[in-house]
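Asks: Take this sequence and fold it.
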Amino acid sequence: MSALEDMMVEEVHSFVQAISQQTTFAFGDNIGAITAWRQGEALDMITENDAKSRMLALFSTFPVLQSAWSVFESMIYTLTRWRSQSTSIVEKFDNVSLKIPFSS
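Replies: Prediction:
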């Protein structure tokens, strides 16, 4: 095996051990992904991400429409502090993902 394969096998083995011991696991804050998966439940941020990915073709084809929606939603948020669920979920995801330490 190459050094990369050895490292991957070791990481997967550690991951499997952690799950089998019922320890809490998360990259950053615990979002309950493994528990939800085990129970057959969906996570809001994943569901919302799937919905956004379906809209990607539309936004890619009509970028002005996406920009206009973003400006409109920003104005609504400034006035009412209301945000669409998709924007709220993406913001939560960004906040969680920014806490993940990356090594170079």
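
Asks: Which other helices and strands does the helix or strand of the chain at the bottom of the mean pLDDT ranking contact?
Replies: Least confident element among the helices and strands of the chain, by mean pLDDT, DSSP states H and E: helix 85-97 (a mean of 74). Helices and strands touching helix 85-97, by 3 or more CB pairs under 8 Å, 6 or more residues apart in numbering; DSSP states H and E, are helix 44-61. C-beta: built from backbone N, CA, C; applies to glycine.

Asks: Contacts for the helix it packs on next, please.
Replies: Contacts of helix 44-61 with the rest of the structure, by CB atoms under 8 Å, 6 or more residues apart in numbering, involve Ile31, Ala33, Leu65, Gln66, Gln85, Ser86, Ile89, Val90, Lys92, Phe93.

Asks: which non-adjacent residue is nearest the residue nearest in space to the middle of the chain?
Replies: Nearest to the mean C-alpha position of the chain, by CA atoms, centre = their mean, lies Phe93 at 4.8 Å. Using CB to CB, 6 or more residues apart in numbering and skipping the chain neighbours, the partner closest in space to Phe93 is Met45 (4.9 Å).

Asks: Since that was my last question, I'll sign off now.
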